[in-house]
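A.B. asks: quick one, fold the following:
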Amino acid sequence: MRRLLWLLLVGLALALAQKSGGGVGGRPYTPSPPPMAPGPAPTFPTPVPTYPGPVVVYPGGGGSLGLMPVLVFFGLVVVAALMVRGLRQAGEGPVASAARLRLALLLRPETQRALRRLAEEADTTSAKGLADLVDEAVLILLREEPAWRFATYEVKAGGEEEVMARFDAWMVEERSKYQETFRHFEGKKRSEESYQAQMEPGGRYLVVSLLLAERRLHPPKPKLSRAAVREALLDLAGSSPYSLLAAYLSWTPEREGEALTEEELLLLYPELEKL
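C.D. replies: Below you'll find the predicted structure:
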């Protein structure tokens, strides 16, 4: 009974702590075709020599000609085996990774406006547009470095399907942290104009989350510091339309006039580490 009451109180506190939030991104993802195993090695029939007259066999000569087709056959078998082994080795180990960076910073209305403007104008239907979105988001955050206060960084590696599943789960988790007042996802925009901003004393934080799934391996989570966050941001900006599987940028609060208090910040994001 006590546990149930505690869960209800935590759920109520989370609901009260939630402010407005926005998100932008997409998944221009097409699964890579599985590697194709080579077909069986071709076999060649042993040629049967024909002669117009009687066959004359000379001692020590002519008998070695029958070994050539056999050597060719075994050579092709060895080559095929090596190709299969190479393909299997290429398929071992992770081939993609998902990364999530959360950054809590002192809020400035100019930052909220820049994020909303970026979200409005982004091309969320192509890999090129999403790569540009990531670059611009990183640029905004780098310019706000003096305002950084808390952060978390996570990396998960695996196959493409596994990485995309992780990306989707992280995106849903981010959206659950706020009341969604703006979203631009894969070309579709939605805005909640009836939302009333919740202005409270003591609010001063903005949380920005950047999620990526790529056909490349991001470096593992470092010990967080300002330098490590800067390095992680630059690594995310290194994504390209050829490697990018999905990207999502979210931030809360989204509406001007709102800000998270430190109590709300730690309640909604208890895993944040102080920089």
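
A.B. asks: drop to CA atoms for contacts and neighbour counts, all remaining ones
C.D. replies: Fine.

A.B. asks: distance of L249 from Q198?
C.D. replies: 22 Å (Cα to Cα, to the nearest Å).

A.B. asks: next: K189.
C.D. replies: Noted for K189: a distance of 23 Å to Q198, by Cα to Cα.

A.B. asks: neighbour count winner among those two?
C.D. replies: Counted by other Cα atoms under 10 Å, K189 and Q198 do not tie: Q198 has more neighbours, with 16 against 13.

A.B. asks: for that one, which non-adjacent residue is spatially closest?
C.D. replies: Leaving aside its chain neighbours, Q198 sits nearest to E258 (5.9 Å; criterion: Cα to Cα, 6 or more residues apart in numbering).

A.B. asks: can you check A237 too?
C.D. replies: Using Cα to Cα, 6+ apart and skipping the chain neighbours, the partner closest in space to A237 is D135 (5.1 Å).

A.B. asks: so that neighbour sits in a strand?
C.D. replies: No: with DSSP: H, G, I helix; E, B strand; the rest coil as the criterion, D135 is assigned helix and is not in a strand.

A.B. asks: check what pLDDT it gets.
C.D. replies: At D135, the pLDDT value in this model is 97.

A.B. asks: give the helix, strand or coil label for the spatially most central residue of the chain.
C.D. replies: With distances taken as Cα atoms, centre = their mean, A213 lies nearest the centre of the chain, 1.0 Å away. Put simply, A213 is strand when judged by three-state DSSP.

A.B. asks: just list the residues touching it, thanks.
C.D. replies: For A213, the contacting residues are 96-99, 163-164, 167, 244-247, by Cα atoms under 8 Å, 6 or more residues apart in numbering.

A.B. asks: for W170, same thing?
C.D. replies: Applying Cα under 8 Å, 6+ apart, one finds that W170 lies in contact with 100, 211.

A.B. asks: ok, now with 10 Å
C.D. replies: W170 sits next to 98-100, 164, 176, 211-212, 248 when contact means Cα atoms under 10 Å, 6 or more residues apart in numbering.

A.B. asks: now distance to K19, secondary structure and pLDDT too, for those, in JSON lines please.
C.D. replies: Below are those laid out as JSON lines (distance: Cα to Cα, whole Å; DSSP: H, G, I helix; E, B strand; the rest coil; pLDDT from 0 to 100):
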{"residue": "A98", "distance to K19": "27", "secondary structure": "strand", "pLDDT": "97"}
{"residue": "A99", "distance to K19": "25", "secondary structure": "strand", "pLDDT": "97"}
{"residue": "R100", "distance to K19": "21", "secondary structure": "strand", "pLDDT": "97"}
{"residue": "M164", "distance to K19": "28", "secondary structure": "helix", "pLDDT": "96"}
{"residue": "S176", "distance to K19": "11", "secondary structure": "coil", "pLDDT": "96"}
{"residue": "L211", "distance to K19": "20", "secondary structure": "strand", "pLDDT": "97"}
{"residue": "L212", "distance to K19": "24", "secondary structure": "strand", "pLDDT": "96"}
{"residue": "Y248", "distance to K19": "19", "secondary structure": "strand", "pLDDT": "98"}
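
A.B. asks: out of these, which are buried?
C.D. replies: Applying 16 or more other Cα atoms under 10 Å to those, the neighbour count classes 98-100, 164, 211-212, 248 as buried.

A.B. asks: going by distance to E262, which of those wins?
C.D. replies: R100 (21.5 Å; Cα to Cα).

A.B. asks: show me what the residue found closest to the closest one once you drop the neighbours it is linked to in the chain is bridged to.
C.D. replies: Nearest in space to R100, with sequence neighbours left out and distances taken as Cα to Cα, 6+ apart, is L211 at 4.5 Å. Beta-bridge pairing for L211 (DSSP bridges): R100, Y248.

A.B. asks: surely L211 meets A131?
C.D. replies: No: with contact defined as Cα atoms under 10 Å, L211 does not reach A131; the gap is 11.8 Å.

A.B. asks: overlap in contacts of these two?
C.D. replies: Common contact partners of L211 and A131 (Cα under 10 Å, 6+ apart): 25, 236, 246-247.
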